[in-house]
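Visitor: structure of the sequence below:
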Amino acid sequence: MKNLVTRVGPAFATIVMTVAAVVASVGITFFILDTFGNGVEPLVLMVAIVAPMTIAPVIGGMLIKLIHQINHLEEEQRHLACSDELTGLRSRRAFLENFELLREQAKRDGSILSVAIIDIDNFKSINDTYGHGGGDELLKSFAGILKKNLRKSDLVGRIGGEEFAMVFLHHDPEKAMKALEKVRIHTQKNVVDYLKQKIKCTISVGVVQWCSHELADVEVLMRQADESLYHAKKTGKNRVIKFDPSLKALQA
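Guide: Numbering: from 1, shown residues only. This next block holds a predicted model:
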């Protein structure tokens, strides 16, 4: 039923259900009259035709309305599964799924992937000072900065409490670094008004860049970006750090 309504539309589906109900009603009436009655009676046959023509559209309309409600709920569930409720960005699961698709695309066309993990500096202190409401407003404001400063082809998601991730697909590795530096500067200048208070923050960013000839999966790239983020935090915060294998030795 659900597939029928989706395929042909509500109006045509109602007609189909009505015709089917009339055919079934007439067939059953013929069988009963022929088996147990005295032949076909016009009045009974008329009732067998009129009754389903009257009732079927009403029942069909109710069923179609119910199907639309179910479709709407399913769409909402899909949206919630793919989107972060607070910021409207992709959820962690949706981000990682799309990341894998971009990695495959980069392998095919020889593009470069720049993967960034972004963390809002001192976010716990912000929550402690302004409350979770203030922290939430800051997260939403930062998500807005990301949306305004990135291309539609860039992938961005919220992967943790105050942690975000991005993937750029391009041929010029410096473009991603410039875009992230732009986001960092805009964030530093941004002021969030909350309950007559002004909230400001900075971000730390770890970046790794991957070429199609290198062997690395999504998990490895995320870990390397995280290692760069760790170094950005350790060296003063409010900066963008690109991955280098020597960073591991510095962490040890």
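Visitor: can you give me the helices in this structure?
Guide: Per DSSP state H, the chain has helices spanning 2-8, 10-36, 42-82, 92-109, 123-149, 173-189, 218-234, 246-251. These are given in chain order.
Visitor: the ones you listed: lowest mean pLDDT?
Guide: Ranked by mean pLDDT, these end with helix 2-8 in last place, scoring a mean of 50.
Visitor: now residue 236: how far from residue 182?
Guide: To residue 182, residue 236 is 20 Å away according to Cβ to Cβ, to the nearest Å. C-beta coordinates here come from the backbone N, C-alpha and C atoms, glycine included.
Visitor: likewise for residue 152?
Guide: 16 Å.
Visitor: neighbour-wise, which of those two wins?
Guide: residue 182 (13 against 5; other Cβ atoms under 10 Å).
Visitor: thought residue 150 was touching the more buried one, still the case?
Guide: No. With contact defined as Cβ atoms under 8 Å, residue 182 and residue 150 do not form a contacting pair (9.4 Å).
Visitor: ok, residue 95 - how many residues close by?
Guide: For residue 95, using other Cβ under 10 Å, the count is 24.
Visitor: separation between it and residue 151?
Guide: Distance from residue 95 to residue 151, by Cβ to Cβ: 16 Å.
Visitor: residue 85 now?
Guide: 24 Å.
Visitor: please apply the same query to residue 88.
Guide: Counting by Cβ to Cβ - residue 88 and residue 151 are separated by 17 Å.
Visitor: swap in residue 144?
Guide: 16 Å.
Visitor: okay, the two: which has more neighbours?
Guide: Using other Cβ under 10 Å as the criterion, residue 144 and residue 151 rank with residue 144 on top: 14 against 10.
Visitor: which ones are touching the residue nearest to residue 197 when sequence neighbours are not counted?
Guide: Excluding its sequence neighbours, the residue lying closest to residue 197 (Cβ to Cβ, 6 or more residues apart in numbering) is residue 130, at 6.2 Å. Applying Cβ atoms under 8 Å, 6 or more residues apart in numbering to residue 130 gives the contacts 138, 194-195, 197, 199.
Visitor: which of those residues sit farthest apart?
Guide: 138 and 195 (12.5 Å; Cβ to Cβ).
Visitor: more neighbours: which of those two?
Guide: Regarding residue 138 and residue 195, a neighbour count based on other Cβ under 10 Å identifies residue 138 as having more, with 23 against 10.
Visitor: wait, that one sits on residue 198?
Guide: No. Assessed by Cβ under 8 Å, residue 138 is found out of contact with residue 198, at 10.9 Å.
Visitor: residue 212 versus residue 233, what's the distance?
Guide: Taking Cβ to Cβ, one finds residue 233 at 30 Å from residue 212.
Visitor: residue 160 now?
Guide: Taken as Cβ to Cβ, the span from residue 160 to residue 212 is 28 Å.
Visitor: can you check residue 115 too?
Guide: Residue 115 sits 14 Å away from residue 212, going by Cβ to Cβ.
Visitor: what does residue 20 give?
Guide: 55 Å.
Visitor: next: residue 112.
Guide: Taken as Cβ to Cβ, the span from residue 112 to residue 212 is 8 Å.
Visitor: which neighbours do those two have in common?
Guide: Joint contacts of residue 112 and residue 212 (Cβ under 8 Å, 6+ apart) are residue 106.
Visitor: from what I can see residue 208 touches residue 229, true?
Guide: No. Contact between residue 208 and residue 229 fails when scored by Cβ under 8 Å: they sit 10.0 Å apart.
Visitor: excluding chain neighbours, what is closest to residue 127?
Guide: residue 135 (4.2 Å).
Visitor: so what's the one you found up against?
Guide: So residue 135 contacts 123, 126-127, 162 (Cβ under 8 Å, 6+ apart).
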